[in-house]
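Trainee: compute the structure for the input listed below.
(2 chains)
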2 protein chains.
Amino acid sequence: MQSSRGRLRVRELKLAFIGFGTVAQGCARHIVNNRQRLEQEHGFRCKVVAISDPAKGSLLNLNEGIDLEQALQHVNERKTLEDLNGKTGLCSTETIAASHADVLVEATWTNLENGEPGLSHIIAALEGGMDVATSNKGPIALAFKKLTNLAKSKGRQLRFESTVMSGTPLLNLREFCLSGSKIRALRGILNGTTNYILTEMGEGRSYSEALRRAQELGYAEADPSGDVEAHDPAAKITILANALMEADLDFKRVEKEGITRIEMKDVEKAIEDGRVLKLIASAHRNERGQVEASVKPTLLPETDTLAHVGGVMNALQISMDTQPDVTIIGPGAGGDSAGYGLLVDILTIHRMRLNAKLVE
Amino acid sequence: MQSSRGRLRVRELKLAFIGFGTVAQGCARHIVNNRQRLEQEHGFRCKVVAISDPAKGSLLNLNEGIDLEQALQHVNERKTLEDLNGKTGLCSTETIAASHADVLVEATWTNLENGEPGLSHIIAALEGGMDVATSNKGPIALAFKKLTNLAKSKGRQLRFESTVMSGTPLLNLREFCLSGSKIRALRGILNGTTNYILTEMGEGRSYSEALRRAQELGYAEADPSGDVEAHDPAAKITILANALMEADLDFKRVEKEGITRIEMKDVEKAIEDGRVLKLIASAHRNERGQVEASVKPTLLPETDTLAHVGGVMNALQISMDTQPDVTIIGPGAGGDSAGYGLLVDILTIHRMRLNAKLVE
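Mentor: Numbering: from 1, shown residues only, chains lettered A, B, ... in the order given. Below is the predicted model:
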């Protein structure tokens, strides 16, 4: 907005989408819907040189680029992308190498065991001199130090805003809006499914009834263990502690307790005591200055801002040394929101490249 | 954090503080306390070449710069700055001209009648080729278009994060974290004094009792009309609508109603109905696409996030076209927080200058 530059020059960024599910499609829709605004306000134009998805096919078109609107329509109609104009049949790693893209948009599924295949995709892209925007929690939760060091050594950007609270800004918030401060502690509701279940239980529904509703509404998966056993929020607080508090936490060693053992009587007792039961993820510095993180069901007083974050909403309270706490509340999932987080990362990469480009 | 540059080079920025009250001192304290971190993490170093304040004296020292720690101590001990080493006796306008600063830090008192003296200070600085960081609502609420156009024509930055919700990010949030979206509506609690009074009334205290407590705690001024008659939140929603929604609102024509006519029975009735009475500032686009803004007491349902923002806390809910609403809650006043907002603006100016510098 208040730019020191006069008129923006427009630059084109070559994107390769690896993984083209809900989140990547959300991002693609935002690009298609806002093409003119992105060009006028941000000098941003893009050419999609590759899309690769195990279920939807693989397509490479270096010259004309892939028509993103057509690709979205194809996927919407459950047609394979391989019907479209371009080279087909490459695997994801071959696609990354052949794409010569400026930015890898990595949006494959989250794997919290070993981070694959996203981890290999990100490494291949950084090694190949690409910037990376990813919504994939696995690689960032499991290999933060390795990946950020690799990005640094290659002079490349690795952005992952949408890995935590989707398009609700946390990582960019810290980097651009809460700069110059030291983060003392983080405390949040980082999983929408469990927050929905606990909110429903607060309204008198049993755990299994609430879980079934969450599944019907698409908030919970058929196997809900990643959420209800707190693997997902544990991965997220690991990412936040490492990225915002310069910690070096191992995701698998973060203390976690899910909500599977919570019974109706626990929720009723909380209400009787004027409290609200929430699954709270938190990180703080201990006396030795080391960062500790955990996820566990916690009783909050009614006066706590987080006590009033209901349904699938997520929230993070940030404590710093420069001013009182700031809390941000917003969506924590969904293709539109996570796809928007990816778009903001792509725009940030674009802005930084534009600045760097000027030096050459 | 994830910078595409390798090691940061350190650059020194020359600052001139015009107005050295609570907010400017808060900013100065953050700079003094975090000198090393700002240099290591942001490549930021500063030399304070001038401080001018009608009550604390005026000081200019172009060569060695002013010792900020000493200046803070002097002011703390109610000594005049003119005891310190440097040239004294200049008025604020002379100081700006003589300072040859890179950045004017404008933190004089808010004047919602004609914006002075801040307005003239900002114009003089921009005309003289300086960037500006200001916490002064008056000039921005009254002359947004004029000042932003001037800044643009001079290729300079005008930043004013701390004019609304002090150090809680709103303007930077939009620019760097919610970019590429269109803001549809804003809705918030932008005045801590009135929110404190309404919160106290909700707990059974009368308006006059609550106001007296607010005055005792330093939340309300001896003449509280700027707050309770809603001039302050009207100025803030004007700034937000103009800066975040590309509106062109005239502050003096924004519809406003304060809390002076609210009686205990209104608050009691709200509670009986399961509602909460809040002074809500809002802006939205009407059917013709024009932005309308207002400030008025509003009954909120218990399910509304803003209903639970109590005491002196402020909050803003941002509705956009790309994802569900995001709400940010944080401090809305205070030297530490507003001073931190100024620091973030100075760091942003520094980052942008660093980028622009590379081009030359």
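Trainee: the worst-scoring helix or strand of chain A on mean pLDDT vs helix B:335-359, what angle?
Mentor: Ranking every helix and strand in chain A by mean pLDDT, DSSP states H and E puts helix A:335-359 at the bottom, with a mean of 88. Interaxial angle, helix A:335-359 versus helix B:335-359 (axes from the mean of the first three to the mean of the last three Cα atoms, to 10 degrees): 50 degrees.
Trainee: so how far is helix A:335-359 from its chain's centroid?
Mentor: Counting by Cα atoms, centre = their mean, to the nearest Å, helix A:335-359 is centred 14 Å from the centre of its parent chain.
Trainee: what of stretch A:172-180?
Mentor: In terms of Cα atoms, centre = their mean, the centre of stretch A:172-180 is found 17 Å from the chain centre.
Trainee: average pLDDT across stretch A:225-236?
Mentor: Taken as a whole, stretch A:225-236 has a mean pLDDT of 97.
Trainee: endpoints of it, how far apart?
Mentor: End-to-end span of stretch A:225-236 (Cα to Cα, to the nearest Å): 15 Å.
Trainee: how far off centre is that stretch?
Mentor: 14 Å.
Trainee: contacts for that stretch?
Mentor: Here stretch A:225-236 makes contact (Cβ atoms under 8 Å, 6 or more residues apart in numbering or on different chains) with A:110, A:112, A:137-138, A:141, A:163-165, A:190-191, A:193-194, A:197, A:211, A:220-221, A:251, A:254, A:256-260, A:279, A:281, A:293, A:295-296. The way it works is simple: take the backbone N, C-alpha and C, and place the C-beta from them, glycine included.
Trainee: in helices, which of those fall?
Mentor: Using DSSP state H, the members of these that fall in helices are A:137, A:138, A:141, A:193, A:194, A:197, A:211.
Trainee: tell me the spacing between the second one and residue A:147.
Mentor: Residue A:138 sits 11 Å away from residue A:147, going by Cβ to Cβ, to the nearest Å.
Trainee: overlap in contacts, those two.
Mentor: residue A:119.
Trainee: for stretch A:290-310, buried residues please.
Mentor: Using 16 or more other Cβ atoms under 10 Å in any protein chain shown as the test for burial, stretch A:290-310 gives A:291, A:293-300, A:304-310.
Trainee: closest one to chain B out of those, please.
Mentor: Nearest to chain B among the buried residues of stretch A:290-310 is residue A:308, at 4.3 Å by Cβ to the nearest Cβ.
Trainee: mind giving me the domain split of chain A?
Mentor: Split into domains by automatic domain parsing, chain A comes to A:11-166+A:336-359, A:174-330.
Trainee: ok, which of those comes nearest residue B:15?
Mentor: domain A:174-330 (14.3 Å; Cβ to Cβ).
Trainee: mind listing what's buried along stretch A:245-259?
Mentor: A:245, A:247, A:249, A:251, A:254, A:256, A:257, A:258, A:259.
Trainee: again, but for stretch A:198-212
Mentor: Buried, per 16+ other Cβ under 10 Å, within stretch A:198-212: A:198, A:199, A:200, A:201, A:202, A:205, A:207, A:210, A:211.
Trainee: so where does the fourth one fall, helix or strand?
Mentor: Read that as residue A:201. helix A:192-202 (DSSP states H and E).
Trainee: re earlier: which two from the buried residues of stretch A:198-212 end up farthest apart in space?
Mentor: A:202 and A:211, at 14.4 Å, using Cβ to Cβ across the buried residues of stretch A:198-212.
Trainee: so residue A:27 sits against residue A:343, correct?
Mentor: Yes: using Cβ atoms under 8 Å, residue A:27 makes contact with residue A:343 at a distance of 5.3 Å.
Trainee: list the contacts for the nearest residue to residue A:116 once chain neighbours are set aside?
Mentor: Distances taken as Cβ to Cβ, 6 or more residues apart in numbering or on different chains put residue A:138 closest to residue A:116, at 7.6 Å, once the chain neighbours are dropped. Counting by Cβ under 8 Å, 6+ apart, residue A:138 makes contact with A:110, A:111, A:112, A:114, A:115, A:116, A:118, A:119, A:235.
Trainee: dump the buried residues of stretch A:198-212 into a markdown table; add pLDDT as well.
Mentor: Below are the buried residues of stretch A:198-212 laid out as a markdown table (pLDDT from 0 to 100):
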| residue | pLDDT |
| --- | --- |
| A:198 | 97 |
| A:199 | 96 |
| A:200 | 96 |
| A:201 | 96 |
| A:202 | 94 |
| A:205 | 95 |
| A:207 | 95 |
| A:210 | 96 |
| A:211 | 96 |
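Trainee: reformat these as TSV; add distance to chain B.
Mentor: Conversion of these to TSV gives the following (distance: Cβ to the nearest Cβ, whole Å):
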residue	distance to chain B
A:198	16
A:199	11
A:200	14
A:201	17
A:202	12
A:205	17
A:207	22
A:210	18
A:211	22
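Trainee: out of those residues, which comes closest to residue B:181?
Mentor: For these, the nearest to residue B:181 is residue A:199 (27.1 Å; Cβ to Cβ).
Trainee: give me the element residue A:215 is part of.
Mentor: In the assignment (DSSP H and E), residue A:215 maps to helix A:207-216.
Trainee: angle of that helix against helix A:192-202?
Mentor: 130 degrees.
Trainee: by contact count, what packs against helix A:207-216?
Mentor: Applying 3 or more Cβ pairs under 8 Å, 6 or more residues apart in numbering or on different chains; DSSP states H and E, we find helix A:207-216 packed against helix A:192-202.
Trainee: again, only using 10 Å
Mentor: Under the contact criterion of 3 or more Cβ pairs under 10 Å, 6 or more residues apart in numbering or on different chains; DSSP states H and E, helix A:207-216 touches helix A:192-202, helix A:225-228, helix A:264-272.
Trainee: pretty sure residue A:237 sits in a strand.
Mentor: No: under DSSP: H, G, I helix; E, B strand; the rest coil, residue A:237 falls outside any strand and is assigned helix.
Trainee: could you measure from it over to chain B?
Mentor: Distance of residue A:237 to chain B, computed by Cβ to the nearest Cβ, to the nearest Å: 18 Å.
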